[in-house]
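Participant: Model the structure of this input:
(2 chains)
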Amino acid sequence: MIRKTVGGVVEATEGVKDNMTFMLGGFGLCGIPENSIAELVKKNIKGLTCISNNAGVDDFGLGLLLQQKQIKKMVSSYVGENDEFERQMLSGELDVELIPQGTLAERCKAAQGGFPAFYTPAGYGTEVAEGKETREFNGKMYILEKAFKADFAFVKAWKGDEAGNLIFKGTARNFNPCMCGAAKITVAEVEELVPAGTLDPDQVHIPGIFVQRIFQGERYEKRIEQRTVRKKE
Amino acid sequence: MLDKNGIAKRIAKELEDGYFVNLGIGIPTLVANYIPKGIEVEFQSENGVLGMGPFPFEGEEDADIINAGKQTITTMPGASFFDSATSFNMIRGQHVDLTILGAMEVADNGDIANWKIPGKMVKGMGGAMDLVASAENIIVAMMHTNRAGASKLLKRCSLPLTGVACVKKVVTNMAVLEITDDGFKLLERAPGVSIDDIKNATEGRLIIDGNVPEMILD
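Facilitator: Residues are numbered from 1 along each chain as shown, chains lettered A, B, ... in the order given. Here you go, the predicted model:
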């Protein structure tokens, strides 16, 4: 067994520097690497490019990095719930690249799987296609999108083992598996870290080969963005 | 004239047994409340769930189970979770049978604009561009005119496009229209709405062929 465990979030984030490109899992605040984000805030590194579907809210998730002006560029599909984000974007302090959500996921997967690029119909005929190669297949138009390049991927899983194998829960899975192995170093934080041999190999969502460092996170807040309920009759 | 729930009710009649359906935010979400009796459909949410159920009971919310609008949800028997790339493979690979989404503008060739207003804060397209570029069957749910009273059914979209020549059908508070090579073909009128009302509210090419029936909602 090749061991991927590290002592904690400090060791897990060793080597992060100014001006690096990071991938961060999560959809809204669901399934975000809370511990890694908190440590990046503490380290106060600057000039970051962050690839993440959303940009958090003002006081949680990637919003915490925005507050300290650590992010130079966001690469996302939807950034609606953050006032500080809006302020920095409109003032020109923050560069924003908006890309279709399926394209964002696939650009991560392409990096994971060694594809330099792929064709997708998403965005054809729109400003997303500007400056990109287009090609017709079977009478339909597609645009060429390239794999991401990133220094670190920070992901969050429900359970993991010493070998770096990961199991996700519910819709907290989202972009996390797509980002594993898609950057030079993948850091996985889990709610429960178990000894190798505990997880059923048939139930593993992401094999440990895609993960370089794994640790058990602390004090998960798991904030709910839109609490919607119905009344019992 | 229909309200938002009326539009959702009319669109629900387009659902067929065995359909996998992706619902956008806004009026489309309401469609889930009007599934016709006797048919089974499954709702897909692009953040990674198939077989979405109603909102949870108070106290049973799970932060790890949400829809694409970031609302807490439940799942139905037979549901599944998956990653974002798999989710968009379902969409891009046309495994999802029907996409229902809102729009700011639709053109009479099927172009749609629903993500960006120049000069205003841009929030992003989310999954909308993947959905409209890929889906075989796209129904737009929207009001026929904007708040200023101007038509949202146009010859050409004035706003930045989300997708080109992709919308198949539009259901508004006034009418059901099909996109054809010659423009918007008027299929049905909302209760109490005349053909002249629809003509006045439609800027794009409008085809009126014979008698246009009133919608049947129940």
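Participant: Please look at A:I99 and A:V75 and confirm they touch.
Facilitator: Yes: using CB atoms under 8 Å as the test, A:I99 is close enough to A:V75 to be in contact (6.7 Å). (Each C-beta comes from the backbone N, C-alpha and C, glycine too.)
Participant: Need the residues touching each of those two.
Facilitator: Counting by CB atoms under 8 Å, 6 or more residues apart in numbering or on different chains, no residue touches both A:I99 and A:V75.
Participant: Residue of chain A nearest chain B, please.
Facilitator: A:G102 (3.1 Å; CB to the nearest CB).
Participant: and that residue, that's in a strand?
Facilitator: No: counting by DSSP: H, G, I helix; E, B strand; the rest coil, A:G102 is not part of a strand but helix.
Participant: quick one: contacts for it?
Facilitator: By CB under 8 Å, 6+ apart, the residues touching A:G102 are A:120, A:122, B:46, B:84-85, B:87-88, B:91-92, B:127, B:129-130, B:134.
Participant: got it, and B:A148?
Facilitator: Taking CB under 8 Å, 6+ apart as the contact definition, B:A148 lies against nothing.
Participant: For the contacts of A:G102, work out which two are farthest apart.
Facilitator: Across the contacts of A:G102, the longest distance by CB to CB is 15.7 Å; it joins B:A85 and B:M129.
Participant: Which one's more surrounded, these two?
Facilitator: Between B:A85 and B:M129, counted using other CB atoms under 10 Å in any protein chain shown, the more crowded position is B:M129 (32 against 23).
Participant: mind checking the SS state of that one?
Facilitator: Secondary structure for B:M129, judged by three-state DSSP, is helix.
Participant: quick one: contacts for it?
Facilitator: Residues near B:M129 by CB under 8 Å, 6+ apart: A:P100, A:G102, A:T103, A:A122, A:G123, A:T126, A:V128, B:W115, B:T162, B:G163.
Participant: can you check B:A113 too?
Facilitator: For B:A113, the contacting residues are B:A103, B:M104, B:E105, B:V106, B:C157, B:S158, B:L159, B:P160, B:L161, B:T162, by CB under 8 Å, 6+ apart.
Participant: A:E133 too?
Facilitator: When contacts are counted by CB under 8 Å, 6+ apart, A:E133 touches A:I143, A:L144.
Participant: Can you report phi and psi for it?
Facilitator: Here is the backbone geometry of A:E133 (degrees, to the nearest 10): phi -70, psi 140.
Participant: hmm, back to that, quick one: which of the contacts of B:M129 is nearest to A:I45?
Facilitator: Closest approach to A:I45 among the contacts of B:M129 (CB to CB): A:T103, at 27.5 Å.
Participant: just checking, what packs against the helix or strand where A:V187 lies?
Facilitator: Using DSSP states H and E, A:V187 falls within strand A:185-194. When contacts are defined as 3 or more CB pairs under 8 Å, 6 or more residues apart in numbering or on different chains; DSSP states H and E, strand A:185-194 packs onto helix A:9-12, helix A:34-43, strand A:152-161, strand A:213-216.
Participant: Go through those and pick out the most buried.
Facilitator: Comparing these by mean neighbour count (mean count of other CB atoms under 10 Å in any protein chain shown), strand A:152-161 ranks first with a mean of 28.
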